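A.B. asks: Quick one, what's the 3D model for this:
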Amino acid sequence: MLGENVTIRDDYAHPLNPGMPFDFEGVPTQRLALVQNGVAENIVTDSTWAKRLNVANTGHALPAPNGDGPQSNSTVVEAGTKSIDELVSETKRGLLITRLWYVRNVDQRAVILTGMTRDGTFLIENGKVTRGIRNMRFNQSITAALRACEIASLQERTGGYSYSLVTPAVKFEKFRFASTSPY
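C.D. replies: This next block holds a predicted model:
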């Protein structure tokens, strides 16, 4: 499903995660390997989906009422072996993106997301960051991007209203941008 170097877990107990050991139904949250070396391993469930699928409840319910179903709230992408500086120095021509915003689902089945770069998008030429560039909008299947990528060694935490994500920087072989921004 993904590159062999990609392992993704749901782990509320990771030192960088502020996760809870139980979900919004009061069920203990299981620490799960979601993707192991590129292969899908497990799915998260709440009481409704565990019953529908006739599997164990993994304790990943969101607050009720909820039309979205269960969610991995403490996602961890395992670190790679190279520093960000090494990944940049090995890039002949590419982009260094320091922040994304307004990321939304376009197609859940194809895992296509849209969003924009923001506050720090730079051109890399011959292994060096040479200049800033305009922000850009992307439309990208994340599973396709994670089939050919390199993962940096340092993990950091980010998140939103209802989730935490611990992830290192990722260098994608290909990434699809749709347009530039006026700013």
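A.B. asks: mind giving me the domain ranges of this protein?
C.D. replies: What the record gives for the chain is the domain set 1-78, 84-150+174-180, from automatic domain parsing.
A.B. asks: Highest mean neighbour count out of those domains?
C.D. replies: domain 1-78 (a mean of 17; mean count of other CB atoms under 10 Å). Using the backbone N, CA and C atoms, a C-beta is placed for each residue, glycine as well.
A.B. asks: Check the contact between residue 143 and residue 112; I expect there is one.
C.D. replies: No - using CB atoms under 8 Å as the test, residue 143 is too far from residue 112 to be in contact (9.2 Å).
A.B. asks: follow-up on the earlier one: I'd like to know which of the domains of the chain lies nearest to residue 165.
C.D. replies: Comparison of these against residue 165 by CB to CB identifies domain 1-78 as nearest, at 5.0 Å.
A.B. asks: thinking again about what came up before, would CSV of the domains of the chain with mean pLDDT be doable?
C.D. replies: Output for the domains of the chain, formatted as CSV (pLDDT from 0 to 100):
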stretch, mean pLDDT
domain 1-78, 95
domain 84-150+174-180, 96
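A.B. asks: Can you name the element that comes right after the biggest strand by length in the chain?
C.D. replies: Secondary structure assigned by DSSP state E gives strand 149-159 as the longest strand of the chain. Following strand 149-159 in sequence order, the next helix or strand is strand 164-172 (DSSP states H and E).
A.B. asks: Would you mind writing the CA trace of the next helix or strand after that next one as PDB?
C.D. replies: Later in the chain than strand 164-172, the nearest helix or strand by DSSP H and E is strand 177-180. Extracted as PDB, the C-alpha positions of strand 177-180 are listed here (Å, rounded to 0.1, in the frame of the first residue of the first chain):
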ATOM      1  CA  PHE A 177       0.500  21.100  -7.200                       C
ATOM      2  CA  ALA A 178      -2.500  22.500  -8.900                       C
ATOM      3  CA  SER A 179      -1.800  26.300  -8.800                       C
ATOM      4  CA  THR A 180       0.100  29.100  -7.300                       C
END
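A.B. asks: Neighbouring strands - and their directions - for strand 177-180?
C.D. replies: strand 136-141 (antiparallel) (DSSP bridges).
A.B. asks: what's the angle between the partner strand and strand 164-172?
C.D. replies: 100 degrees (axes from the mean of the first three to the mean of the last three CA atoms, to 10 degrees).
A.B. asks: which other residues reach strand 136-141?
C.D. replies: For strand 136-141, contacts defined as CB atoms under 8 Å, 6 or more residues apart in numbering pick out 106, 110-117, 121, 175-181.
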